[in-house]
Every structure is written in C-alpha cells, then in structure tokens.
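Asker: how would this look folded up:
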Amino acid sequence: MAAYYWSLLQKGTSITAEIDRLIFSPDGELHDEFEMLYASLFKKTEPYIRVIELLAKKKMGMTRQELLVAGKFEDNGAFSDILKDLEWCGFIRSYTMMGYRTKSDVFQLIDHYTLFYYEYIDGVRQGSNYWRSMLGTPKYNTWCGLAFERACLWHVDQIKKKLGISGILTNEYAWRCLPDENIGRPGVQIDLLIDRSDGIIDVCEMKYSKDSYTITSDYADELTRKRDVFQSVTGTKKAIHSIMVTTDGLTRNEYWGDIQAEIQLDDLYEL
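Answerer: Residues are numbered from 1 along each chain as shown. Purely as a prediction, here's the structure:
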C-alpha cells in the first residue's frame, strides 16, 4: 500500500506542492482517501469511524470504559472486535498506564493520515494552495511537534539501542496525572516512559525544532516538576533519568547537564 502512495508523487516537485495537488485539490487522487480507506477495510464503517472520531479529540487516548460512555456503545464482544480490528490494522495502539491495572489500558489513535485528516481536512475549507499557506503558522508548527512525537513512539527500539539498553528487559508506558488543587499538585503528562529491569526509569521528552533545542530555565523547572510528581504519585524507588529526543540535538547551556542522555532524529532510523 505504501508503494502505491509513493507512486503518486511527481518527480522534481516539492512535497508541499504534492500535498496540495494530491490531497487538497478537489480533483486530487487522495482528496477522498479517508472514506475510501475505511470502506475498503471494514464492511460497516460507522462504528469504526465513531471510535476514531472520539480518539482524534484525545491526544493521550481513552480507556475502553471512556469510549463506551462517550460513543454510547454496548459493552460486548462486538465492541471488543472493533478495537482489535483497528489495532490490528495499525490505526490505534493500546498501552498500559504505569501504576494501573491492565483493564485500564488506554487506546490511542496513532495513524498519521487519520490524524492529519481530522486536523486539516475534515470540515475545513480548502483550496489548491491550502497546505502552502499553512507553512510556518503556529498550527503547522504544533503539527510538526505532534508528528515528531508519534515518530518517536514508532521507534522505541531505536531509542533503546541508542541508550545502550537493547539487552535489558523493559516495559514501555505512558503516564498522566490530573492536577489536584487541594494539595497544589500540577497536572503531568508523559508520553513515553521506559521502565528498566536495572532499577532505572527513563522519562523521555520529545521536542521538535528546526535547529538544536535549547532547554530554558522554565522548561528545566517543568522537567523537575514532572519527575517529582511522577515519583510522588507512583511511589517508585527507581532512579529517574531524563532523556531528550530532539530533531537536531541540544544546545550546550547551563541546563544541558541535567539530561542523562540525548537522542537525535537520525538515531531513530538506524538499523
């Protein structure tokens, strides 16, 4: 399937122009791809798309129970099959929240095209130069950051290899904690935790930037808060390491030394 999409690109044309031509032009070959994609995979698309629409609104994902309530599904085997089908096809992933029981697994939308569709195509007025007009805007830059995070989640094995822990038994988690004003605790969201059998938990921060990423005083404080809240709420006795995954490395400044290891974009694609 991927080879088919690549075959649609015209040689010598920029990716920006090709996205406009293929997706945003009314007669583009991928203009109606969303409907065709799901119709080609599922006999009855409505319940599948209903799940997808709910997950598209929740970056960190939703539990099975949250999906049942929000989508008004019946709690039965048919709903389980919908989740299994979507995961098997690579549209969603399920992950365990560290410190929670398996039945609280979270389902997260990870398909790049589907996320792109709900962000830029669904219900949006477009034109043949739409994508070109988005370049450099805050919305575009936010999308780049989210896309980079997903690329990192797809390449955890390469992250572990760069950290030199490929031979160590690990579990990978995401984690979130709602704010509690009664005790003055801030909300925390961590997209990737690597829980290692050697007594260490790697807290991975993923940051997209066009140049080397600079850790500011405020961001350094945020990293400290994340570690402190995570350690306090989970009660873990393991050492907490801060890992930065960036597009082009870190700027060497006074806060750089607080990071135990750094990984760059190129490291994600090493075999």
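Asker: Please pull out the lowest mean pLDDT helix or strand from the protein.
Answerer: None of the helices or strands of the chain scores lower by mean pLDDT, DSSP states H and E than helix 2-7, at a mean of 79.
Asker: Off-centre distance for it?
Answerer: What separates the centre of helix 2-7 from the centre of its chain is 23 Å, taken as CA atoms, centre = their mean, to the nearest Å.
Asker: Likewise for stretch 84-95?
Answerer: Using CA atoms, centre = their mean, the offset of stretch 84-95 from its chain centre is 14 Å.
Asker: End to end on that stretch, go ahead and measure it.
Answerer: Looking at stretch 84-95, the gap from its leading to its trailing residue is 13 Å under the measure CA to CA, to the nearest Å.
Asker: for it, what is the average pLDDT?
Answerer: Per-residue pLDDT values over stretch 84-95 give a mean of 93.
Asker: Give me the contact list for that stretch.
Answerer: Identification of contacts with stretch 84-95 by CB atoms under 8 Å, 6 or more residues apart in numbering yields 41-42, 48, 51-52, 55, 61, 83, 105-111, 114, 153, 172-174. Placement of C-beta: from N, CA and C, glycine included.
Asker: could you flag which of the residues you listed are buried?
Answerer: The neighbour-count criterion (16 or more other CB atoms under 10 Å) marks 42, 48, 51-52, 55, 61, 83, 105-111, 114, 153, 172-174 among those as buried.
Asker: Those in strands, which ones?
Answerer: Among the buried ones among the contacts of stretch 84-95, the ones falling in strands (DSSP state E) are V106, F107, Q108, L109, E172, Y173, A174.
Asker: now the helices: where do they sit in the chain?
Answerer: Per DSSP state H, the chain carries helices over the ranges 2-7, 15-19, 33-41, 45-56, 64-71, 77-88, 112-116, 130-134, 138-154, 156-163, 217-234.
Asker: which one of those lies closest to D191?
Answerer: Comparing those against D191 with CB to CB, the closest turns out to be helix 138-154 (5.9 Å).
Asker: Does anything pack onto the closest one? Which helices or strands?
Answerer: Taking 3 or more CB pairs under 8 Å, 6 or more residues apart in numbering; DSSP states H and E as the contact definition, the neighbouring helices and strands of helix 138-154 are helix 112-116, strand 188-196, strand 200-207.
Asker: which parts of the shortest one are buried?
Answerer: If I follow you right, that is helix 112-116. Taking 16+ other CB under 10 Å as the criterion, helix 112-116 shows T114, L115, F116 as buried.
Asker: do the same with the longest one
Answerer: Buried residues in strand 188-196, defined by neighbour count with 16+ other CB under 10 Å: V188, I190, D191, L192, L193, I194, R196.
Asker: Switch these over to JSON lines; also include pLDDT and distance to A147.
Answerer: Conversion of these to JSON lines gives the following (pLDDT from 0 to 100; distance: CB to CB, whole Å):
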{"residue": "V188", "pLDDT": "86", "distance to A147": "23"}
{"residue": "I190", "pLDDT": "89", "distance to A147": "19"}
{"residue": "D191", "pLDDT": "86", "distance to A147": "13"}
{"residue": "L192", "pLDDT": "92", "distance to A147": "15"}
{"residue": "L193", "pLDDT": "94", "distance to A147": "21"}
{"residue": "I194", "pLDDT": "95", "distance to A147": "21"}
{"residue": "R196", "pLDDT": "96", "distance to A147": "27"}
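Asker: picking that back up, enumerate residues external to the least confident helix or strand of the chain that contact any of its residues.
Answerer: The set of residues external to helix 2-7 that reach it, using CB under 8 Å, 6+ apart, is L30.
Asker: could you dump it to PDB, C-alpha only?
Answerer: Listed in PDB are the C-alpha atoms of helix 2-7, where the atom choice follows Å, rounded to 0.1, in the frame of the first residue of the first chain:
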ATOM      1  CA  ALA A   2       2.800   2.400   0.900                       C
ATOM      2  CA  ALA A   3       4.400   1.800  -2.500                       C
ATOM      3  CA  TYR A   4       1.200   2.900  -4.200                       C
ATOM      4  CA  TYR A   5       1.100   6.200  -2.300                       C
ATOM      5  CA  TRP A   6       4.800   6.800  -3.200                       C
ATOM      6  CA  SER A   7       4.000   6.100  -6.900                       C
END
